[in-house]
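*Asks:* Coordinates only, no sequence provided:
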């Protein structure tokens, strides 16, 4: 039996550099893992794959459509094992929230299955190939690292080692999902000059984190190109972001394609005070967390 946490992520930076022939976009993004999480329990049972999901607002009528189920199918096929597992998934992270919940669940399933079936470390490249095939940011969660630069669709990764103290985080899900396909369909790329300038900001931000100088007062390099198609169309996301800043967050940004926004704060007391006020707003789900 294996129990494993599937932690969420935020994107401290996200720029789309071009639209690819396959319909996806090439990205420059900075993934950051945070403490809030779903949880999976895996145990051998069978034959077949059985997925039990509890919690969360949205369920799938057909479990074979769930990304965790798909990850398990590909795991057994890749390692030429007879399927025989029961996976219990306890959802805590909202769906359509920009927190990578489904991708993290899939990565946790792959890692949990590898432990359950005693797959040696030599099998890790195979796990990464499975991850890249089922979702653009699944591979990040396999890294088991707090920070990583992402290129390509997000699957080309470079671990970023952070130094120094890091800010606390207030995550706010405003109550309604935003779907990735819709966002990228409405996305307009920046001009070549804008993209070049933003990539300079990206390098600066990574350097600040690497040198231990990433403090909220120097967080002006935070950026998410996807705010441009989301904020005008989803006022709840825009208002949640504005409220974080109005309450004193040192910086605020939408994560991924939304709907979650996050605020960075010096010190836990300040973050907890902001979270406490936002928790009183009907429909909001608020999480107080740290990078981990």
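*Replies:* That came through fine. The model shown is predicted, which means the values in this text are computed figures rather than measured ones.

*Asks:* Is it correct that residue 13 falls within a strand?
*Replies:* Yes: judged by DSSP: H, G, I helix; E, B strand; the rest coil, residue 13 forms part of a strand.

*Asks:* show me what contacts it?
*Replies:* The contact partners of residue 13, by Cβ atoms under 8 Å, 6 or more residues apart in numbering, come to 28-30, 201-202, 205, 221-224. (C-beta placed from N, C-alpha, C; glycine too.)

*Asks:* can you count the residues close to residue 47?
*Replies:* As a burial measure, residue 47 scores 9 neighbours (other Cβ atoms under 10 Å).

*Asks:* same deal with residue 184?
*Replies:* Residues near residue 184, counting by other Cβ under 10 Å, number 16.

*Asks:* hey, where'd the strands end up in this structure?
*Replies:* With strands called from DSSP state E, the chain shows them at 2-19, 25-44, 48-55, 84-91, 147-151, 156-159, 168-173, 223-224, 251-254, 261-265, 285-290.

*Asks:* Out of those, which gets the lowest mean score?
*Replies:* Lowest mean pLDDT within the strands of the chain: strand 48-55, at a mean of 91.

*Asks:* State the paired neighbours of that one in the sheet, together with their directions.
*Replies:* Sheet pairing of strand 48-55 (DSSP bridges) gives strand 84-91 (parallel).

*Asks:* who touches the partner strand?
*Replies:* With Cβ under 8 Å, 6+ apart as the test, strand 84-91 has contacts from 38-56, 68-69, 72, 101, 105, 109, 112-113, 116.

*Asks:* Pull out the buried residues from it.
*Replies:* 84-87, 89, 91 (16 or more other Cβ atoms under 10 Å).

*Asks:* So which of the strands of the chain is nearest residue 272?
*Replies:* Residue 272 lies closest, by Cβ to Cβ, to one member of these: strand 285-290, at 5.9 Å.

*Asks:* So which elements touch that closest one?
*Replies:* strand 25-44, strand 168-173, helix 268-278 (3 or more Cβ pairs under 8 Å, 6 or more residues apart in numbering; DSSP states H and E).

*Asks:* any weak-confidence spans in the stretch 51-200 of the chain?
*Replies:* The stretch 51-200 of the chain contains residues with pLDDT under 70 at 56-64.

*Asks:* Recalculate using a threshold of 90.
*Replies:* Applying pLDDT under 90 to the stretch 51-200 of the chain picks out residues 54-66, 95-96, 121, 123, 135-136, 144, 164-165, 180-181.

*Asks:* tell me the domain boundaries of this structure?
*Replies:* Per the record, the chain has its domains at 2-159, 168-290, by automatic domain parsing.
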